[in-house]
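>>> model this:
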Amino acid sequence: MSTSERASTSATATGSAPVPAGPVVGVDVGGTFTKAVLTDATGTVLAEAHRPTPGPGPGVAERVVELAGRLTEELGARGPAPLAAGLVVPGTVDERHGTAVHSENLGWRDVPFADLFARRTGLPVAFGHDVRAGGLAESRLGAAAGVRDTVVFLPLGTGIAAALLLDGRPYAAGGAAGEIGHVRVASDEPCVCGLTGCLEAVASAAAVARRYRRASGRPADGAKEVAALVAAGDPVAVAVWREAVDALAAAVCWLAAVLAPHTVVIGGGLSSAGDLLLDPLNRRVTDGLTFHRRPVITRALLGDRAGALGAALLAAETATTGRPTGV
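The predicted structure is shown next:
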C-alpha cells in the first residue's frame, strides 16, 4: 500500500477507533512549521495547510493558538465545517488536563492549550503530544498499521522523543513517557535542556547539521545536505553521521532491552536519508543485541503529515464520543 493510500485509510482500519459523522481538523505544532489537515470520516485528507511556527519569546503560546485557529478556519472554509479539532504540541504534555507543561525549544510552561484552543475555535478539542500523535497515526495508518504488538515511533527532527504504543494505544505516563532524546550518549555535547551529551544533541536532524558545520567550518543547509555529503564520501560528514547512527543504535538497543518492541518506526527529517541511515542503524543494533528481541526497524510512511493526522484521529474520537480527549 502506498503512503497516500495509507494516509487515506479510515482510522477504523485496525478496529481501534470509531468513525465520526463528518470532517475534523488536526493541527501539529512543530519546532519549525505548524501543519494542519482537514480529513473526512474515512480519514481521507481533504485539505492541508502549513505556516511557520512562532519563535520562542513572550506570548508564544497565545501566538500558537491564534495560528492554529486561523489554520482551522482556513481549512474549514475549503470544505464542510469540521465537527472537532485536534491540537498537538511538543515538549512535556499533560493530556488529561489539556496542558502543555513545558517546551524547552519553544519556551512555554503550564499552558492550558485545550481550553485556549476550544475558546478560539468554538469546537470540541482533543489535545495531545506531537510525537505520540504521530505514533498513533503511523500505527493506524502508516508503517506499523496492523501491528498489534508494541510499537515505538522515533522521529528525528528538530528534537528527539519517542512514542510508545502498547496494543495500539499511546502510553503517556502522565506526559513523562518517551523523553529518550534527553538521555546521555556522549561526553561533552551541550544540549538545550541544560545537560551534556544528550541523544538529541548528537543525533537529531538539527544536531547533525550543526555538528557538521562546526567540525568542517563549512555551511550545510540541514541534515539532508549532510546526508548528500556522506553519500559523496566527505570525511567530516561521514564522521558526524557515524556518531549520530551510533547514538541512535544505543537508544534502540535500550528500547529493545526494556520494552522489546516488535517495530521501531523511524520518522522526522533525518529519515529522508532512507537506507543511508537505516542500513548502518540495523547493523549496529544487531551487533548491540544478544538474546534480546530484535525489533523490525522501518522508515515512517506518513512523512511530515504524521502529527497532524494523529491530531485528526484524536479529533475524530472526540467528535464521536462528544467529549474532549487526549492521547
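>>> contacting residues around the closest residue to residue 288 other than its chain neighbours?
For residue 288, ignoring the flanking residues on the chain, the nearest one in space by C-beta to C-beta, 6 or more residues apart in numbering is residue 253 at 4.2 Å. (Glycine included, C-beta is placed from N, CA and C.) Neighbouring residues of residue 253 by C-beta atoms under 8 Å, 6 or more residues apart in numbering: 285, 288, 289, 292.
>>> Neighbours of the first one, how many?
In this case it means residue 285. Neighbourhood size, residue 285 [other C-beta atoms under 10 Å]: 23.
>>> what about residue 104, how many neighbours?
By other C-beta under 10 Å, the residues close to residue 104 number 18.
>>> So it versus residue 201, what's the distance?
Distance of residue 104 to residue 201, computed by C-beta to C-beta, to the nearest Å: 12 Å.
>>> what residues do those two have in common as contacts?
By C-beta under 8 Å, 6+ apart, the residues touching both residue 104 and residue 201 are residue 192.
>>> before we move on, the earlier item: show the buried residues in the contacts of residue 253.
285, 288, 289 (16 or more other C-beta atoms under 10 Å).
>>> from those residues, which is closest to residue 244?
Within these, the smallest distance to residue 244 is 14.0 Å, found for residue 285 (C-beta to C-beta).
>>> now for the helix or strand the closest one falls within, which elements pack on it?
Taking DSSP states H and E as the criterion, residue 285 maps to helix 275-288. When contacts are defined as 3 or more C-beta pairs under 8 Å, 6 or more residues apart in numbering; DSSP states H and E, helix 275-288 packs onto helix 223-231, helix 235-258, strand 263-267, strand 296-299.
>>> Okay, helices next: where are they in this protein?
For the chain, the helices defined by DSSP state H cover 3-7, 60-78, 113-121, 130-141, 199-203, 205-216, 223-231, 235-258, 275-288, 306-321.
>>> Least reliable of the ones you listed by average pLDDT, please.
Among those, helix 3-7 has the lowest mean pLDDT, at a mean of 33.
>>> Let's have the contacts of residue 253 in JSON lines, adding distance to residue 229.
Formatted as JSON lines, the contacts of residue 253 follow (distance: C-beta to C-beta, whole Å):
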{"residue": "285", "distance to residue 229": "24"}
{"residue": "288", "distance to residue 229": "26"}
{"residue": "289", "distance to residue 229": "30"}
{"residue": "292", "distance to residue 229": "34"}
